[in-house]
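In: test case, fold it:
(chains A and B)
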Number of protein chains: 2
Amino acid sequence: VAGLQEQRICFLGLGLISGSLAMALRDSGWSGERVAWGPREPSLKRGLELGVIDRYSLELEQAVKDADMVVVGAPPVATGELLSTLLPQLPAHTVVTDLASIKGWVIEQVQAEHPGFVPGHPIAGSENSGVAAASADLFRGREVILTPLDYTDAQATERVRQLWLQVGARVSLMTVTEHDTALAASSHMPHMAAYALTKALAKHELQPMQHGGGALRDMTRIAGSDPLMWRDIVLTNREAVLQAMGQFRAEIESLEALIAAGEGPALETYFAQCRQQRRAHDEVLNPLAPKAMKDPDNSKTGESE
Amino acid sequence: VAGLQEQRICFLGLGLISGSLAMALRDSGWSGERVAWGPREPSLKRGLELGVIDRYSLELEQAVKDADMVVVGAPPVATGELLSTLLPQLPAHTVVTDLASIKGWVIEQVQAEHPGFVPGHPIAGSENSGVAAASADLFRGREVILTPLDYTDAQATERVRQLWLQVGARVSLMTVTEHDTALAASSHMPHMAAYALTKALAKHELQPMQHGGGALRDMTRIAGSDPLMWRDIVLTNREAVLQAMGQFRAEIESLEALIAAGEGPALETYFAQCRQQRRAHDEVLNPLAPKAMKDPDNSKTGESE
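Out: As a prediction, the model looks like this:
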């Protein structure tokens, strides 16, 4: 397969992520048809008005009819439910992928071993929700992880890979367990840290969030994320999330111990190692940013918040 | 006093923060002279080349001579040392302020009760260091906290307030203890969270930072901050930082308990309260951002990292 060959792609659930994908496909020059279905008409209507999709249907069966590819865009629990209903009904040549942040639990909900099912997860998002917040740039330079199953047809995986390449993403393949373990640490646990930080500040008598700057802006941004989505994610990836949170908490405790003991050199080393680690991943984490200006001559003044 | 009346402002230490202030003053239309002193010539030379300052001197006494106002821009420990040397030597009419992230410890280093000393702290920064990373926009819409002392002249406080208004900042007055307690929670502890998060991921066998997206980018950005600066900050504001870290850790533990017990409704409520808290502070935390697009019709799809 060279390039994206699908003629019609159907989006089940039209929100930030699926809407951004539909918008990015349009802007990529792909000329197929984008059909959407969703539980609530206002979002679909909005997507149509914004040119995110070409048409929509309120009937699931109608929407997926003659689609070459179906993209399920919903929170994990709803994704599992939709896939378990849908996959037994679809012809074998239809390719189906999803966007859910956890893979293991979602895949467990699926009984039918549909050869076109390619579980997927784009590592991109925003704290805003809804199709109105969709952005055609959302996936540029970002990783999309696919976790094909034993019964997944290699051609189906290739077709989903082409979908994501079309919108500027990088595609990686992983096992389901690798995905859920790595993402518990790289995404799910950091979201819990942002929520816990926000909560601690909300309870503080001095209302310190009123005195926040860019550091706090960034450290709490994702605490604005969708509550239902994140409830689903942490409950369906519970063990891995708890393990990652425990590892994080151990690091907090070890920093507390160093600070309490006044261990200046050890703290400086700890912070310097983190800076190096962060800088080594700057391109992965920030693929669209211009290269940062750095002045190695001057490390004595810097972040002073 | 109407507007910034100083004719000559001297910057002791030329880095990201002081350099941004000097640059913002230039761009604001203020026509006074900007003189700098620093321990290392390359930064001063760079500042001169970039037009951040008008001239520099490598001799402290020479640099501050005839300055109407002196701005000390250095990490907390160096700030305390500089102020304790400098204040006894300066005439009473010279106004002196600093930019350090903690106030109590710095003020304790100062023996002379100079009536022109107005401790200050702009709540703005960047993970990058050095004058080359300076930005004239850094303070626009940001809070600057001043903590005038018993012996501080009210006119001096007013003159420092005018300095910051000139570059588009908002100025608040606080007691030293309020400042150090609030900032421990709003800035110092969040930096420790970013370092701990980065360290936990660095130790993880799957190297999850390679699979990070925008969420992880933001949650670890400040782990790139200057190690020496942050060693100083947490050691000189130790008690307040440890208290804030303990409060944060308690929230992490309570989230862990809710997740372990599968408390779906309680988790959803917790996350929703955090989202509300974060959104209520969006303008404070993000003063220059365009208003976010929100689609209340669709909360079922959102951040899917």
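
In: CA atoms for contacts and neighbours, from now on please.
Out: Will do.

In: quick one, phi psi at A:R170?
Out: phi -100, psi 140 (degrees, to the nearest 10).

In: what about the strands in the stretch 151-300 of chain A?
Out: A:170-173 (DSSP state E, counting those that start in this stretch).

In: so where is it shaky, pLDDT-wise?
Out: Filtered on pLDDT under 70, the stretch 151-300 of chain A yields the residue ranges A:290-300.

In: OK, contacts around the closest residue to A:G38 other than its chain neighbours?
Out: The shortest distance from A:G38 to any non-neighbouring residue, by C-alpha to C-alpha, 6 or more residues apart in numbering or on different chains, is to A:G13 (4.4 Å). A:G13 makes contact with A:A36, A:W37, A:G38, A:P39, A:V72, A:G73, A:A74, B:T301 under the criterion C-alpha atoms under 8 Å, 6 or more residues apart in numbering or on different chains.

In: what is the burial count for the closest residue in space to A:R221 that isn't next to it in sequence?
Out: Excluding the flanking residues, the one nearest A:R221 by C-alpha to C-alpha, 6+ apart is A:E127, at 6.8 Å. Neighbour count of A:E127, defined by other C-alpha atoms under 10 Å in any protein chain shown: 19.

In: does A:E127 touch A:S225 like I think?
Out: Yes - counting by C-alpha atoms under 8 Å, A:E127 touches A:S225, with 4.4 Å between them.

In: one step back: and the residue nearest to A:G38, its phi and psi?
Out: phi 90, psi 120.

In: how much space between the residue of the stretch 1-150 of chain A found nearest chain B and A:H114?
Out: Nearest residue of the stretch 1-150 of chain A to chain B: A:S129, at 4.1 Å (C-alpha to the nearest C-alpha). For A:S129, the distance to A:H114 (C-alpha to C-alpha, to the nearest Å) stands at 30 Å.

In: the two - which one has more neighbours?
Out: Each of A:S129 and A:H114 has its neighbours counted (other C-alpha under 10 Å); A:S129 has more, 27 against 22.

In: in a strand, that one, correct?
Out: No - if the criterion is DSSP: H, G, I helix; E, B strand; the rest coil, then A:S129 is coil and not within a strand.

In: my guess is it contacts A:S18. True?
Out: No - A:S129 lies out of contact with A:S18 (C-alpha under 8 Å); the separation is 11.0 Å.

In: contact residues of the stretch 1-150 of chain A facing chain B?
Out: A:13-17, A:42-43, A:73-75, A:99-101, A:121-133, A:142-143 (C-alpha under 8 Å from any C-alpha of the partner chain).

In: okay, and which of these map to strands?
Out: A:H121, A:P122, A:E143 (DSSP state E).

In: where is the longest helix in chain A?
Out: helix A:238-260 (DSSP state H).

In: so which bits of it are buried?
Out: Going by neighbour count (16 or more other C-alpha atoms under 10 Å in any protein chain shown), the buried part of helix A:238-260 is A:238-249, A:251-253, A:255-256, A:258-259.

In: if we can go back for a sec, are any of the residues of the stretch 1-150 of chain A next to chain B buried, and which?
Out: Buried among the residues of the stretch 1-150 of chain A next to chain B (16+ other C-alpha under 10 Å): A:13-17, A:43, A:73-75, A:99-101, A:121-133, A:142-143.

In: mind listing what's buried in stretch A:4-13?
Out: A:L4, A:E6, A:R8, A:I9, A:C10, A:F11, A:L12, A:G13.

In: again with stretch A:60-80
Out: So stretch A:60-80, judged by 16+ other C-alpha under 10 Å, has buried residues A:60, A:63-64, A:67-80.

In: same question for stretch A:201-209.
Out: Applying 16+ other C-alpha under 10 Å to stretch A:201-209 flags A:L201, A:A202, A:H204, A:L206, A:P208, A:M209 as buried.

In: can it be found next to chain B?
Out: Yes - judged by C-alpha under 8 Å from any C-alpha, stretch A:201-209 comes into contact with chain B at A:L201, A:A202, A:L206, A:Q207, A:P208, A:M209.

In: which residues does the nearest residue to the third one once chain neighbours are set aside contact?
Out: Once flanking residues are discounted, A:L206 sits nearest to B:A182: 6.1 Å by C-alpha to C-alpha, 6+ apart. The neighbours of B:A182, taking C-alpha under 8 Å, 6+ apart as the test, are A:L206, A:Q207, A:P208, A:H211.

In: list the contacts for A:L163?
Out: A:G3, A:L4.

In: switch to 10 Å and redo it
Out: A:G3, A:L4, A:Q5, A:E6, A:I9, A:L21, A:L25, A:W30, A:M69, A:T157, A:A169, A:V171 (C-alpha atoms under 10 Å, 6 or more residues apart in numbering or on different chains).

In: in strands, which of those residues appear?
Out: A:I9, A:M69, A:V171.

In: now those in TSV, with distance to A:R231?
Out: TSV is the format used below for the ones in strands among the contacts of A:L163 (distance: C-alpha to C-alpha, whole Å):
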residue	distance to A:R231
A:I9	29
A:M69	29
A:V171	27
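
In: closest one of the residues you listed to A:L197?
Out: A:V171 (32.4 Å; C-alpha to C-alpha).

In: residue boundaries of the helices in chain A?
Out: A:16-27, A:41-49, A:60-64, A:76-86, A:104-108, A:154-166, A:176-183, A:189-203, A:214-220, A:227-236, A:238-260, A:264-280, A:282-285.

In: so which of these is nearest B:D232?
Out: helix A:264-280 (8.0 Å).

In: could you check the distance from A:L14 over to A:D98?
Out: From A:L14 to A:D98 the distance is 12 Å (C-alpha to C-alpha).

In: now list whatever residues contact both of those two.
Out: Joint contacts of A:L14 and A:D98 (C-alpha under 10 Å, 6+ apart) are A:V71, A:V72, A:G73, A:A74.

In: just those residues: which has the poorest pLDDT?
Out: Ranked by pLDDT, the shared contacts of A:L14 and A:D98 bottom out at A:A74 (93).

In: circling back to that earlier point, got the contacts of A:G13 as JSON lines, with distance to A:L90 columns?
Out: Shown next, in JSON lines, are the contacts of A:G13 (distance: C-alpha to C-alpha, whole Å):
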{"residue": "A:A36", "distance to A:L90": "16"}
{"residue": "A:W37", "distance to A:L90": "15"}
{"residue": "A:G38", "distance to A:L90": "18"}
{"residue": "A:P39", "distance to A:L90": "20"}
{"residue": "A:V72", "distance to A:L90": "13"}
{"residue": "A:G73", "distance to A:L90": "17"}
{"residue": "A:A74", "distance to A:L90": "19"}
{"residue": "B:T301", "distance to A:L90": "24"}
